[in-house]
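Colleague: Need coordinates for the below:
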Amino acid sequence: MGDTRPATLEVAAQRTGAHRRGAVVAALMLSMALAALDSTVVSTAVPQIVGDLGGFAVFSWLFSGYLLAVTVTLPLYGKLSDTFGRKPVLVAGASLFLLGSLLCALAWNMGALIAFRVVQGLGGGALQGTVQTLAADLYPLKERPRIQSKLSTVWAVSAVAGPALGGVLAAYADWRWIFLVNLPIGAVALWLIVRHLHEPQRAAGPEPSARARVDWAGAAAVFACGGVLLTALVQGGVAWPWLSGPSLGLFGTGLALAGLVVAVERRAAQPVIPGWVWRRRTIAAVNLALGALGLLMVAPSVFLPTYAQSVLGLGPVAAGFVLSVWTLSWPLSAALSQHVYRRIGFRDTALLGIGAAALVLVAFPFLPYPGAAWQPTLLMLLLGAALGLFQLPLLVGVQSTVGWSERGTTTASVLFCRQTGQTVGASVFGAVANGVLAARLGGAGDLDSVTRALDAGTAPETVRRAVASAVHAVYLGASCAAALAFVVLLCMAPRRFPVLGDDGDLPGEGRG
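Modeller: Residues are numbered from 1 along each chain as shown. Next up is the predicted model:
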């Protein structure tokens, strides 16, 4: 299950470095805010960016390029943080992110801006994974829900505030300030990390030289494989049909690279994605369950604003409010989840949360047409509460089953699966929505074209009903993803998570 030596060091760090923890936590929250904001802040500034730089045909890569870079680098940063420590990885990642932000502000055309967004994403992968890992390092098990709920709150608020901030900066300043504002925030976070984060010296293992060995061949193979497959998922059905030559070629190449990853990682002394990540029941079950979470989150985050505006007739601000209410209940539920899992255990708490989420998602298609705005708002409030009860116990639980030297890799694998689930969900549910629209309208268009017609006020009532049916189908698909997560946890995850060392045994938990 991994060494218990780092656990003793964690206790010492928690006792002797308590006065520094506040500053480090502030740095983690700032870093998390940067990563969350940059996922959404560009969206409302696209018209100004395209008007200045051109490149409308490829502007979607402003988002896709960043997402791909974040996702495919997560496993590498997780392994590096386990090998060299969290601080150097976080400092390097934050520096790379800020360099990318500065370059984005200086971009001279759309191609350059997309390339610099990829640079940002390469640093963003370090921010996401290392922040979550450090949160577990700094706090013992009984205190982790507090820090994780703070990070969840920062992520939720930043994700919701991002589009508004981007719109304000683009309208009243210049779109380049969207990237320039990262610099002072990131500089403060970096200063706090460098000054206040002091990791305890780790005792040398039996093979000190092996500790510093990095599987660069495996990292390159994982990066190439993930990039090709995620590109196929992101662009399939958008830039080209699913069964077209480019799509089939990318998927074929991706599968060949996946075989190469397996071959390289089996031979590596210190693989980037070690086999134990999938051989241990607890970690494998949490990876799959949170992959399903990423899948189901696409339904509300991507399709609910369209439903609110096209079917309910709400304006953009009101539609954003309908979506944002889950950012209120999710962190609150996550913070309170410790009172549940201390009684019934990590797995059963997560089962309770995802079971409730499945019921909420399956209830959405039964809303009356067109209905009132409070109805989907109430469902989103309940969904956030259910998912807070699901996600945080799994993250805290799985981090507590490994020692320091495996925690970065474990956390990165969980985040990688969730990010991949979101990418798969966007592609699958986009295809589902467009398929339902085509069936209801006789092939008269896809969701984007229909939504534009609705915004222009030129679409008849039958089109609104078709959009409602398409979104209902997406929510049914999301409920199936929730049911899948429930089954995975029930069948794969041990009822008692094997908690290690200083974390002690919780009621309902034990050591493996």
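Colleague: Only C-alpha atoms from now on, for both contacts and neighbour counts.
Modeller: Noted.
Colleague: Surely Val272 and Pro75 touch.
Modeller: Yes. Between Val272 and Pro75 there is a contact under C-alpha atoms under 8 Å: 6.3 Å.
Colleague: what sits in contact with each of the two?
Modeller: Thr409 (C-alpha atoms under 8 Å, 6 or more residues apart in numbering).
Colleague: Quick one: low-confidence residue ranges for the stretch 401-512 of the chain.
Modeller: 443-459, 501-512 (pLDDT under 70).
Colleague: for the stretch 251-400 of the chain, that is, sorry about that
Modeller: For the stretch 251-400 of the chain, counting by pLDDT under 70, the residues that fall below are 316-317.
Colleague: What segments of it are helices?
Modeller: 276-279, 281-298, 304-310, 316-324, 326-344, 346-363, 374-399 (DSSP state H, counting those that start in this stretch).
Colleague: Poorly predicted segments of the stretch 51-200 of the chain, please.
Modeller: In the stretch 51-200 of the chain, residues with pLDDT under 70: 56-57, 159-160, 164, 200.
Colleague: For it, which segments are assigned as helices?
Modeller: Using DSSP H, counting those that start in this stretch, helices in the stretch 51-200 of the chain cover 61-84, 86-105, 110-138, 144-172, 177-180, 182-196.
Colleague: Tell me which residue lies nearest the centroid of this structure.
Modeller: The centre of the chain sits closest to Gln419, judged by C-alpha atoms, centre = their mean, with a distance of 4.6 Å.
Colleague: Pretty sure that residue sits against Ala292.
Modeller: No. The pair Gln419 / Ala292 is not scored as a contact, 10.0 Å apart, by C-alpha under 8 Å.
Colleague: hmm, back to that, for the helices of the stretch 251-400 of the chain, give me a markdown table that also has mean neighbour count.
Modeller: As requested, the helices of the stretch 251-400 of the chain are exported to a markdown table (neighbours: other C-alpha atoms under 10 Å):
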| stretch | mean neighbour count |
| --- | --- |
| helix 276-279 | 14 |
| helix 281-298 | 25 |
| helix 304-310 | 23 |
| helix 316-324 | 18 |
| helix 326-344 | 21 |
| helix 346-363 | 23 |
| helix 374-399 | 24 |
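Colleague: Ok, which of these comes nearest Val436?
Modeller: Minimum separation from Val436 across these (C-alpha to C-alpha) falls at helix 304-310, 14.3 Å.
Colleague: domain assignment for this structure?
Modeller: 18-197, 215-269, 276-512 (automatic domain parsing).
Colleague: what about the shortest one, how long is it end to end?
Modeller: The first and final residues of domain 215-269 sit 8 Å from each other (C-alpha to C-alpha, to the nearest Å).
Colleague: Let me see the contact set for the closest residue to Ala170 other than its chain neighbours.
Modeller: In space, Ala170 comes closest to Ala45 once its chain neighbours are excluded; the distance is 5.6 Å by C-alpha to C-alpha, 6 or more residues apart in numbering. Contact partners of Ala45, counting by C-alpha under 8 Å, 6+ apart, are 166-167, 170, 175.
Colleague: and with 10 Å instead?
Modeller: Residues near Ala45 by C-alpha atoms under 10 Å, 6 or more residues apart in numbering: 51, 163-171, 174-176, 178.
Colleague: Reformat those residues as CSV; add distance to Leu314 and neighbour count.
Modeller: Output for these, formatted as CSV (distance: C-alpha to C-alpha, whole Å; neighbours: other C-alpha atoms under 10 Å):
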residue, distance to Leu314, neighbour count
Gly51, 27, 11
Pro163, 17, 20
Ala164, 17, 19
Leu165, 21, 19
Gly166, 21, 25
Gly167, 19, 22
Val168, 21, 15
Leu169, 24, 18
Ala170, 23, 21
Ala171, 22, 13
Asp174, 28, 16
Trp175, 27, 23
Arg176, 30, 21
Ile178, 27, 24
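Colleague: Tell me the one among these nearest to Leu113.
Modeller: The nearest one, if we look at the contacts of Ala45 relative to Leu113 and count by C-alpha to C-alpha, is Arg176, at 10.5 Å.
Colleague: Settle this for me: that closest one is touching Leu53, isn't it.
Modeller: No. If you go by C-alpha atoms under 10 Å, Arg176 and Leu53 don't touch, sitting 11.4 Å apart.
Colleague: What's the local residue count around Gln270?
Modeller: Other residues lying near Gln270 total 19 when counted by other C-alpha atoms under 10 Å.
Colleague: Tell me the spacing between it and Thr409.
Modeller: For Gln270 relative to Thr409 (C-alpha to C-alpha), the value is 11 Å.
Colleague: what touches both of these two?
Modeller: 79, 83.
Colleague: TSV for the contacts of Ala45, including distance to His472?
Modeller: TSV is the format used below for these (distance: C-alpha to C-alpha, whole Å):
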residue	distance to His472
Gly51	35
Pro163	25
Ala164	27
Leu165	30
Gly166	30
Gly167	30
Val168	33
Leu169	35
Ala170	34
Ala171	35
Asp174	38
Trp175	36
Arg176	38
Ile178	35
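Colleague: of those residues, closest to Val362?
Modeller: Distances from Val362 to the contacts of Ala45, taken by C-alpha to C-alpha, are shortest for Pro163, at 28.5 Å.
Colleague: surely that closest one meets Thr40?
Modeller: Yes. At 5.8 Å, Pro163 counts as touching Thr40 under the criterion of C-alpha under 10 Å.
Colleague: surely Ile344 meets Arg496?
Modeller: Yes. Checked against C-alpha under 10 Å, the pair Ile344 and Arg496 is within contact range at 9.4 Å.
Colleague: State the distance spanning the first to the last residue of stretch 165-184.
Modeller: 16 Å.
Colleague: quick revisit: name the helix or strand for the residue nearest to the centre of the chain, please.
Modeller: helix 404-441 (DSSP states H and E).
Colleague: Can you mark which positions in that helix are buried?
Modeller: 404-438, 440-441 (16 or more other C-alpha atoms under 10 Å).
Colleague: Pull up the overlap in contacts between Gln419 and Ala292.
Modeller: Gly425.
Colleague: distance of the residue nearest to the centre of the chain from Gln120?
Modeller: 16 Å.
Colleague: and what of Val362?
Modeller: From Val362 to Gln120 the distance is 37 Å (C-alpha to C-alpha).
Colleague: Contacts only, for Val325.
Modeller: 156, 160, 377-384.
Colleague: didn't Pro47 look like it was pressed against Asp174?
Modeller: No. If you go by C-alpha under 10 Å, Pro47 and Asp174 don't touch, sitting 11.9 Å apart.
Colleague: shared neighbours of these two, anything?
Modeller: What both Pro47 and Asp174 touch, as defined by C-alpha under 10 Å, 6+ apart, is the set Gly167.
Colleague: Let's verify Leu243: helix, strand, or coil?
Modeller: Look at Leu243: counting by DSSP: H, G, I helix; E, B strand; the rest coil, its state is coil.
Colleague: Pull the contacting residues for it.
Modeller: 236-237, 249.
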